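In: Build me a model from this:
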Amino acid sequence: MEFSKMFVQNMAVLVTCAYMANLIYKYAIYRAPNMVKYIGSVLLLIVGGWTATLFGFRLSEEVIFDMRIVPLLVAIFVYKKPSIVFVVGLGIGLTRFAFGWSDAALAGFINLTILGGVAALMNIGLRRYQGTFVRQAIIAIVLLNVLNCVNITIFGVIPASYYLTHIMPFALPSSILLCGLFAFILRDFQKDQQRALALAEANRLLQEQTEELSKNKLVLEDRAKQLLLASQYKSEFLANMSHELRTPLNSIINLAQFISDSAEETPSEEMARYGQLIHHSGEDLLKIINDILDLSKVEAGKLEIVNEEISLIEIPGWVGPYFELTAQRKQLAFDVQIEEGLPDTIHSDPHRVQQILRNLLANAFKFTEQGRVELKIYKAEEPLLKGEWVVFAVRDTGIGIATEKHFTVFEAFQQADSSIGKKYGGTGLGLSISRDLARLLGGFIRLESAEGKGSTFSLFLPLS
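Out: Numbering: from 1, shown residues only. Presented below is the predicted three-dimensional model:
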């Protein structure tokens, strides 16, 4: 009966140690790196075995009975590596020498070393065994306690007959019962830990979702701003468009009405001049309509590209006469240069190439009040792109474009500044259409400009 009381007292000490270990883990080890937590938990189990021996029942000066197998039992269910379980048993066995070197200490060391090896094998077997925790706990508790009694009988310093008749009948059932109690305390602790980990994981996921919602909110706000800005640009476009359409339409209507009312009284020379004005107004109106139709076709993917041979020598004839009068009227220098070494022809859509160049040159003349406008055609190699390219660079000495507006000017319905549309006119579609046409031709447009220092729009087309 004395042994049963001793085991109960020893178990109370172990429960206290387990509670202290829980506090140490929660407030000192929990936030440490994984390796530190791992090593710390092993050391806590070994210290638990040493504590059980420290408060054990001394049968004599050398012989100590205690519940030091309990930390080894914990190791079986806590660790996945059997080698760690064996290290725990070996460590607890070594702590027996802390109470003096004797035959009893050596027997205790041998006993715990053997139990550590068997516990490691049980760790492997129980992980493969798909039974419930209760069944696994019963198997481990019974086997460890029975083997502990066998080891004490074989290696112990107490006579075997005395141990089997006077000590084991009380010690074995008490140890099994108290180990079972501790196993369920351990299970409850593990469940608390699992709940805490699950709660921490849920909090982490909730935090991630909150951050994701915040990011999505910012994205939605940004898109709302973009939609508002796009709506503003479209409103400005419609205002500009109504002006652009109304001007040539009013000219056509007024001149046609004037001719109709005074055809007999108007000299033929003046009639011819009115006819030219009507013709120019009709061309302006047609250009606006064509721009809108081209943009719609590009966005719908229905714009057809016809590849033909284009003679580079003929290009000055496409644009020269068209803009020479504009250059003379605005007193600007206008020049077209073709670099030597270019091939005679390239394959592309001549109508679309001409449309792009006219859009770029029209903008250059529109926004240049003094200086010059030039078109330079040359061959270039791009480091980031394969093959050779023919470049049509339109340079001007006009108002230029601020760096932060370089992407904006290529968007449909947008200009570098809303005041530009009011001062210079235009629908804001030319560059957008030119960019899309360049892509359809297999090339791209590059912009180099600074506010007040002119602009260079370069059309890159592949040579092959």
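
In: Dihedrals phi and psi, residue 368?
Out: As for residue 368, its main-chain torsions (degrees, to the nearest 10) stand at phi -120, psi 120.

In: how close does it get to residue 456?
Out: Here the distance between residue 368 and residue 456 works out to 12 Å (C-beta to C-beta, to the nearest Å). The way it works is simple: take the backbone N, C-alpha and C, and place the C-beta from them, glycine included.

In: Compare the two and say which is more crowded by neighbours.
Out: Neighbours were counted for residue 368 and for residue 456 using other C-beta atoms under 10 Å; residue 368 has more, 21 against 16.

In: Overlap in contacts, residue 368 and residue 456.
Out: The contact sets of residue 368 and residue 456 overlap at residue 396 (C-beta atoms under 8 Å, 6 or more residues apart in numbering).

In: mind listing the strands for the stretch 351-464 of the chain?
Out: 372-381, 388-396, 444-449, 455-462 (DSSP state E, counting those that start in this stretch).

In: Now the first one: buried residues?
Out: Under the neighbour-count criterion of 16 or more other C-beta atoms under 10 Å, strand 372-381 has 372, 373, 374, 375, 376, 377, 378 buried.

In: Closest one of those residues to residue 341?
Out: residue 378 (8.5 Å; C-beta to C-beta).

In: Could you check how many residues crowd around the nearest residue to the closest one once chain neighbours are set aside?
Out: Of all residues beyond its chain neighbours, the one nearest residue 378 is residue 339 (3.8 Å), with distances taken as C-beta to C-beta, 6 or more residues apart in numbering. For residue 339, the number of neighbouring residues by other C-beta under 10 Å comes to 13.

In: Let me see the contact set for residue 339.
Out: Residue 339 makes contacts with 376, 377, 378, 379, as judged by C-beta under 8 Å, 6+ apart.

In: Next one, pLDDT for it please.
Out: What the model reports for residue 339 is a pLDDT of 89.

In: Please tell me how far it sits from residue 454.
Out: When C-beta to C-beta is applied, the distance between residue 339 and residue 454 equals 21 Å.

In: thinking again about what came up before, distance to residue 100 and pLDDT added to the buried residues of strand 372-381, as TSV?
Out: Compiled in TSV, the buried residues of strand 372-381 are given as follows (distance: C-beta to C-beta, whole Å; pLDDT from 0 to 100):
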residue	distance to residue 100	pLDDT
372	105	91
373	104	92
374	103	93
375	103	93
376	100	92
377	101	92
378	97	91
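
In: ok, of the residues you listed, which one's closest to residue 70?
Out: Distances from residue 70 to the buried residues of strand 372-381, taken as C-beta to C-beta, are shortest for residue 378 (87.5 Å).

In: Quick check: beta-bridge partners of the closest one?
Out: In this structure, residue 378 has the following beta-bridge partners (DSSP bridges): residue 391.

In: Isn't it up against residue 342?
Out: Yes. Taking contact to mean C-beta atoms under 8 Å, the distance of 7.2 Å between residue 378 and residue 342 places them in contact.

In: how about the helices of the chain, start to end?
Out: Secondary structure of the chain by DSSP state H: the helices cover 2-24, 34-54, 69-78, 82-95, 103-128, 133-155, 160-162, 168-261, 268-300, 315-330, 350-366, 418-424, 430-440.

In: Export the strands of the stretch 351-464 of the chain as CSV, with columns for distance to residue 312.
Out: CSV is the format used below for the strands of the stretch 351-464 of the chain (distance: least, C-beta to C-beta, whole Å):
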stretch, distance to residue 312
strand 372-381, 6
strand 388-396, 7
strand 444-449, 18
strand 455-462, 11
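
In: Select, out of those strands, the one closest to residue 82.
Out: Among these, the nearest to residue 82 by C-beta to C-beta is strand 444-449 (64.5 Å).

In: Pull up the pairing partners for that closest one, direction included.
Out: For strand 444-449, the pairing partners within the sheet under DSSP bridges are strand 455-462 (antiparallel).

In: Just the angle for the partner strand relative to helix 430-440, thanks.
Out: Using axes from the mean of the first three to the mean of the last three C-alpha atoms, to 10 degrees, one finds that strand 455-462 and helix 430-440 are set 20 degrees apart in direction.

In: domain ranges for the protein?
Out: The chain breaks down into these structural domains: 2-209, 226-300, 308-462 (assignment by automatic domain parsing).

In: Any chance of the ones you listed in a markdown table with distance to residue 219 as columns?
Out: Output for those, formatted as a markdown table (distance: least, C-beta to C-beta, whole Å):
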| stretch | distance to residue 219 |
| --- | --- |
| domain 2-209 | 15 |
| domain 226-300 | 10 |
| domain 308-462 | 19 |
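
In: Next, work out how far apart residue 373 and residue 228 are.
Out: The value you get for residue 373 to residue 228, if C-beta to C-beta is used, is 36 Å.
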